[in-house]
Every structure is written in structure tokens, then in C-alpha cells.
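[1] model the following, please.
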Amino acid sequence: LSSAMALGILLGLFLSIRRFISIDIIPIEALIIAPALSGIIVFFSLKRLFQFLIDRYFYRETINLQLAMRNASQALASVLKQDELLNRLGQIVVQQMKVESVLLFLREKEEDSLRLKLARRYFNTKIDIPESLSIEKSVILQEIERRVKNSPSQEKFLVREELSRQTEDVVAQKISEELANLHCDVAFPLVSMFQDTLYDGELIGVLFVGPKLSTDPYFQTDLDLLSMVANQASIAIKNAQLYAEVDWMREYNENILRNMESGVITVDKSGIVKTFNEGAERLIGVSKEVAIGKDVAALDSNISTLILAALHHHELNHHSETIIKTPDNRSIPIVFSTSLLSDKNGEILGSLMVFSDLSRIKELEEDKRKMERLVTTGNLASGLMHEIKNSLLPLRTLAELLPERYSDPEFRESFSQIALQQIDDINELVNQLRDLARPSPTNFTSVNIDVPIENVLNLLSGRMEKIGVQVIKEYAQEAPKILADESQLRQLFLNLMMNSLEAMPQGGKLYIKTYVQRFFSDYSFMCVDIKDTGGGIDEEDIDKVFDPFFTKREGGTGLGLTICRNIVDLHKGSIYINNNKTEKGVAVTVRFPIRA
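    Next up, the predicted model:
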């Protein structure tokens, strides 16, 4: 219609001008081309003008409130991305209400201002619109927040026409003026709804709507429709914001998983792989495209066994070690932890395994052991030469005197005794070196730690009674058994208790305590404390007590504690020696893993 009207006016103008111009003066081609070019320019301007007038004065159709609301709800509920949602909201308001413009300002997190997120106009005219509205400076925002928080019975939206009539109300006049500066007639709050009623939440934005194309005022039907659209928009925008946060968190977590050196695998309740990061790909040698969605049993048998043990039997691990096999038959040592995945109600959703490659660490540990063996070998050689030299020196002296004093029976008797004693000392030294270098074969069985301790106490009971040592025992109740070689444990406790007795030649107290130490639900130790009141060790010597041939006891070889540490190492345990804090003496703690 607007095109026809514009074309009719142009044709009338052309015919009118044609009557006054002679073709003898101006060529017919010019008469055709000039009006045509001018007409094209004028046509589009006239078309826009007539379209505006037609929309304003002829299209005053009655709004079907239910249909409009249904269309708005469907359109907004189907979108989760905020930019697309806001564009659709602008289209709905402009098309349904036939308005000149719509603006939407949203509150950013932790900010006291609202930022412009949508500016849509019916016509392509440009107007100055601020990029943000400060709650501190905007009377519109202050009034809307007041109504949202403190006036449940008052209408929450603002209508410029109503405010402008309140001539004596200074605030109303300021709001009306601010709305005019935004080229808008009404403003509707967007409120985050937490409970059943509409205004239990916080202000998240404001929807500004410009004048109607028809120049009619906003009737109650219009305001009701826009209020419902604003309510629907509040819900849709909050959902979009939550979706964006969830999407950001998902991408954030995926980025962490992508860049982790450790492997991460999760399975659901059925044992189906749900997470399989790049670290798992590198270590196991299976791509995540192959692994995800498949049964975890298709992976390495150790991996699947540990994950399913956590899922079905709640057998959890923390910093445990195992070996996995890759598809190309390589063995990789790993350290791993397993745990259960559950919801807020405690219902099991699946299980998780995190594991790391220990290959490089094992190589470094082996290098360290080699260096320690070299150092130990050097210390052994040095100590051995010293001990043998000390034993041979009396023999050499006697041998030098033997030619001169051979006829002396007393000398020969003394020579025989000293020679035998020195040979026995060398033999004992050789035996200890043999035990140190090549421990006797182990026979691991399930052992109650109290049994070898009692055996040693019975063996030493006569000596302890003779020198006046009081034994104070405290055994763990119903202590779990450990996997150990009982004969080696007897040797261990015999060496430790002999050291304590030799430190208390005038009597004292010997404390024996066994107990279970738990670090995690699946990571426990059987511990033995042996304490004496024999005077203690010099602080500067504590770090040397396990070194071969280190001793300050007259007649000692310095190999007893070295042998003790070897026995503990064979049982994958640990041994610590410190001075007793409560009574002057030595405190030894030995720990054995309960799960060997």
C-alpha cells in the first residue's frame, strides 16, 4: 500500500510537469531519464513515510492476550543462549505491541549498574542510548528497586504518562524525564524468582518499551501483556545465565582434564566409561573416542579391576601403586587413587580413578639406590678393613713374639686364647656381612606382631631380670595380622631390644607398645614402639645410626641397625630412631603396612 501511494504521487508529479515542458526544447530521452532518477530517490523516502503513517493510524488491531502470551512463552522457553534470547525478546515486544523501540539493561555480577544488552527499534533511526545505568544515579532504577523490595501491593512497572501528570511529585517528574531521555514510555523490572511469589528475588534487569506506533497510550491490557512478557523474560534470562555458568564450568573442567598430566577415568553405575582424558590416552594407549561409552572391562585389566572394586565393593585406594599393560605390551608403573562419585543425597553415581606415570620416578629411585649401594660398598670396605686390621693387630704382635717366647707355657696359653677370640670376632663380622649382603630367604605368612615380640622377651627375660630392667607392655586389642617373615621379625626385635639392654647396664625401663595407625580408610600400618631409659643418642649422631660400622659402643660392629633396616625394607615398612621425649633414652618406631 505504501509503495502504491508513493508511486501514484510520483506519476502525478511527472504528468503535471510534462504539460509545461516542450519536447522541442528538451529531448524526450532527458525527459524520461531525469524524472526516473529523481523518482527512484524520492520513492524510497515517500515509501518509508507512508509506511510509518499507515502503521501508526491504520493498524490499531486488538491484541489477543492469550495468543500473544502463548507465543511469547513458547518463543522464550525454547532458547538457552542469552544473545539469541534477547534478540527474540526484542522481536516479540516490537511485533506484538507495535512499538517504536525496546531496550533491555541487565545487571552484571557484583556490580551496582545495569548494562545495555538489547536495543531494537522499529525504524532504523539512531538515538543516543547510554551503555549502562548506575543504580546510584538512575532514579528509575532506584524507584523500581524500592517497589520490588518494599511495596508488594504497588505496581512494579513505571508508566511515563502517569508519572508526568504527578506535577507536584519531584521524583515522579525526574523519572518521567529520564524515561523521555531514553525515548521510552514504560519500564518493567526483570526479577529473579527464588520462591513461589514473583518478587522474592533480586532485580536482574529492566525492560524499557518505547511509544506505540499508533501514538495511543498504553492501556491496561497492554501493560498486563508486557508484565507477563517481562516475567517470562526474567525466568528465561535467569535460565540462560545458569546455562552459561554450567557451560562455562563444563568447559573449565574439560580444559583442566585436557591439560592434566595424570590420567582421569570415571564410570557410571553400570561401569560404562564417561570420562577419559588425554592423560589416560597417553598412559593406557587407547583413544578416548574408543574408550568413552564402552564398558571399563575393555581397558587394562588392572585399571578395570581397581575401578570396579571401588564401584561395587567400595574398596578405595589412596596413592597406591600398580603396573598396567599398554596395547603394545609395555609395562608402566603408576600411582593411583580411586574414589566413589555420589550426589548430595549420598546415592552412588559411579567411581573415579586418577593415576600418574611413575616410570621416571622409578628410574630416579633406581639411580639413587645404585648411588647408595656404591656409598655403602665404600663404607663397608673401609669399615671392614678397619675391623679386620683391629683383629689382626694382636695376632701380628703375638706372632712377632712367638719365636722368642715359644718355650713359655703361659705365653702359649695366652696366645691361643687371644688368637681364638680374634678369629671368632672376624667370623662374627663375616656372618653379619653375609646377612647384610644376602638376607636369608623370606617366608612370608600371616603373622600376629605380638608373637615374635613375646618370643624375644622370653629369650631375654633372664638377662633383663639380672640387670634390673622392668618391661612395660601395651599391645593393640584385636590387632590385624601382617604379611611377614616371623623369623626375620624375631631377628629385628632381638637386635633392637639388645641395643636397649646394652644402653641400660644398671637397669631401667623398657616400653613395648603395638598399635594400628590409619591414614585413610584403605591405608593402615601396624606399628611397634620400643623405648628405653638408657641415656639416648647424641643429636649429631642420629642421622648416622643406620650407616654400616657406625658405633660408639665398645666391642660393637656397627652393623646391627643396618641389618634391622634391611629387614624392615624387605617388608616394605619403615623404621625411625629418635631420642625419647618423655624420659631420657632412645625411641624406635617400626611400621609395617597392613595391606602388604
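
[2] may I have stretch 104-115 exported as CSV, CA atoms only?
    Extracted in CSV, the C-alpha atoms of stretch 104-115 (Å, rounded to 0.1, in the frame of the first residue of the first chain):
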residue,chain,number,x,y,z
LEU,A,104,17.0,-4.1,27.9
PHE,A,105,19.5,-3.4,30.6
LEU,A,106,20.9,-6.4,32.7
ARG,A,107,22.8,-6.4,36.0
GLU,A,108,26.3,-7.8,35.9
LYS,A,109,27.6,-9.9,38.8
GLU,A,110,29.0,-7.9,41.7
GLU,A,111,28.1,-4.6,40.0
ASP,A,112,25.9,-1.7,41.1
SER,A,113,24.9,-0.8,37.5
LEU,A,114,22.9,-2.3,34.6
ARG,A,115,24.5,-2.7,31.2
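
[3] residues making contact with that stretch?
    With contact meaning Cβ atoms under 8 Å, 6 or more residues apart in numbering, stretch 104-115 is reached by 86, 89-90, 116-119, 131-136, 141, 190, 203-208, 237. Heads up, the C-betas are built off the backbone N, CA and C, glycines and all.

[4] so which helix or strand of this structure has the lowest pLDDT on average?
    Lowest by mean pLDDT, DSSP states H and E among the helices and strands of the chain is helix 28-57, with a mean of 53.

[5] phi, psi of Val121?
    Actually, residue 121 is Arg. It isn't Val. The phi/psi pair for Arg121 (degrees, to the nearest 10) reads phi -120, psi 150.

[6] my read is that it contacts Glu100, right?
    Yes - using Cβ atoms under 8 Å, Arg121 makes contact with Glu100 at a distance of 6.4 Å.

[7] any residues in contact with both of the two?
    Going by Cβ under 8 Å, 6+ apart, residues that sit against Arg121 and also against Glu100 are Gly210.

[8] more crowded one of those two?
    Ranked by neighbour count (other Cβ atoms under 10 Å), Arg121 and Glu100 place Glu100 first, with 24 against 18.

[9] ok, now which ones touch that one?
    Neighbouring residues of Glu100 by Cβ under 8 Å, 6+ apart: Arg121, Tyr122, Phe123, His183, Gly210, Pro211, Lys212, Leu213.

[10] hmm, which of the residues you listed is lowest in pLDDT?
    Lowest-confidence member of the contacts of Glu100: Phe123, scoring 74 (pLDDT).

[11] which SS state does that one fall under?
    Under DSSP: H, G, I helix; E, B strand; the rest coil, the three-state class of Phe123 is coil.

[12] now what about stretch 280-294, what contacts it?
    Residues from elsewhere that reach stretch 280-294 (Cβ under 8 Å, 6+ apart): 263-265, 272-278, 298-300, 303, 324, 326-328, 330, 332, 334, 355, 357.

[13] in that stretch, which residues are buried?
    Ala280, Glu281, Leu283, Ile284, Val286, Lys288, Ala291 (16 or more other Cβ atoms under 10 Å).

[14] gap between the two ends of that stretch?
    Its first and final residues considered, stretch 280-294 spans 15 Å by Cα to Cα, to the nearest Å.

[15] how many residues are close by Lys466?
    Residues contacting Lys466 under the criterion other Cβ under 10 Å number 10.

[16] next structured bit after the helix or strand where it lies?
    Element membership for Lys466 (DSSP states H and E) is helix 450-467. Downstream of helix 450-467, the first helix or strand assigned by DSSP H and E is strand 469-474.

[17] what about the stretch 351-500 of the chain, any weak spots by pLDDT?
    Within the stretch 351-500 of the chain, the stretches falling below the threshold (pLDDT under 70) are 372-391, 393-395, 398, 425, 428-442.

[18] so which residues of it form strands?
    445-447, 469-474, 482-484 (DSSP state E, counting those that start in this stretch).

[19] how about those strands in TSV, adding mean neighbour count and distance to Glu400?
    Below are the strands of the stretch 351-500 of the chain laid out as TSV (neighbours: other Cβ atoms under 10 Å; distance: least, Cβ to Cβ, whole Å):
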stretch	mean neighbour count	distance to Glu400
strand 445-447	13	53
strand 469-474	14	44
strand 482-484	21	51
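
[20] so which of the contacts of Glu100 wins on neighbours?
    For the contacts of Glu100, the largest neighbour count, defined by other Cβ under 10 Å, is 23 neighbours, found at Gly210.

[21] next one: the closest residue to that residue other than its chain neighbours from Val447, what distance?
    Nearest non-adjacent residue to Gly210, counting by Cβ to Cβ, 6 or more residues apart in numbering: Ser101, 3.5 Å away. Taking Cβ to Cβ, to the nearest Å as the measure, Ser101 falls 86 Å from Val447.

[22] circling back to that earlier point, I'd like to know which of the contacts of stretch 280-294 are buried.
    263-265, 273-278, 299-300, 303, 324, 332, 334, 355, 357.

[23] quick check, pLDDT for Gly560.
    For Gly560, the predicted pLDDT is 76.

[24] and it, how many neighbours?
    Neighbours around Gly560, by other Cβ under 10 Å: 19.

[25] apart from its neighbours in sequence, what residue is nearest it?
    Nearest residue to Gly560, sequence neighbours excluded (Cβ to Cβ, 6+ apart): Asn495, at 4.6 Å.

[26] what residues are up against that neighbour?
    For Asn495, the contact set (Cβ under 8 Å, 6+ apart) comprises Gly560, Leu561, Ile563, Cys564.

[27] next step: the buried residues of stretch 280-294 restricted to helices.
    Counting by DSSP state H, the part of these found in helices is Ala280, Glu281, Leu283, Ile284, Lys288, Ala291.

[28] need those residues in a markdown table (columns: pLDDT and distance to Asn455).
    Formatted as a markdown table, those follow (pLDDT from 0 to 100; distance: Cβ to Cβ, whole Å):
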| residue | pLDDT | distance to Asn455 |
| --- | --- | --- |
| Ala280 | 90 | 49 |
| Glu281 | 90 | 53 |
| Leu283 | 88 | 46 |
| Ile284 | 87 | 48 |
| Lys288 | 86 | 56 |
| Ala291 | 90 | 53 |
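
[29] which among the strands of the stretch 351-500 of the chain is found nearest to Val246?
    Comparison of the strands of the stretch 351-500 of the chain against Val246 by Cβ to Cβ identifies strand 482-484 as nearest, at 48.4 Å.

[30] can you show me the strands along the stretch 151-300 of the chain?
    Counting by DSSP E, counting those that start in this stretch, the segments of the stretch 151-300 of the chain that form strands are 158-159, 186-191, 203-209, 263-268, 273-276.

[31] and these as TSV, adding mean pLDDT and distance to Lys513?
    Listed next are the strands of the stretch 151-300 of the chain as TSV, based on pLDDT from 0 to 100; distance: least, Cβ to Cβ, whole Å:
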stretch	mean pLDDT	distance to Lys513
strand 158-159	92	79
strand 186-191	91	66
strand 203-209	91	64
strand 263-268	93	41
strand 273-276	92	45
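
[32] so for Ala230, which of those strands sits nearest?
    strand 186-191 (3.9 Å).

[33] centre of the chain to that closest one, how far?
    40 Å (Cα atoms, centre = their mean, to the nearest Å).
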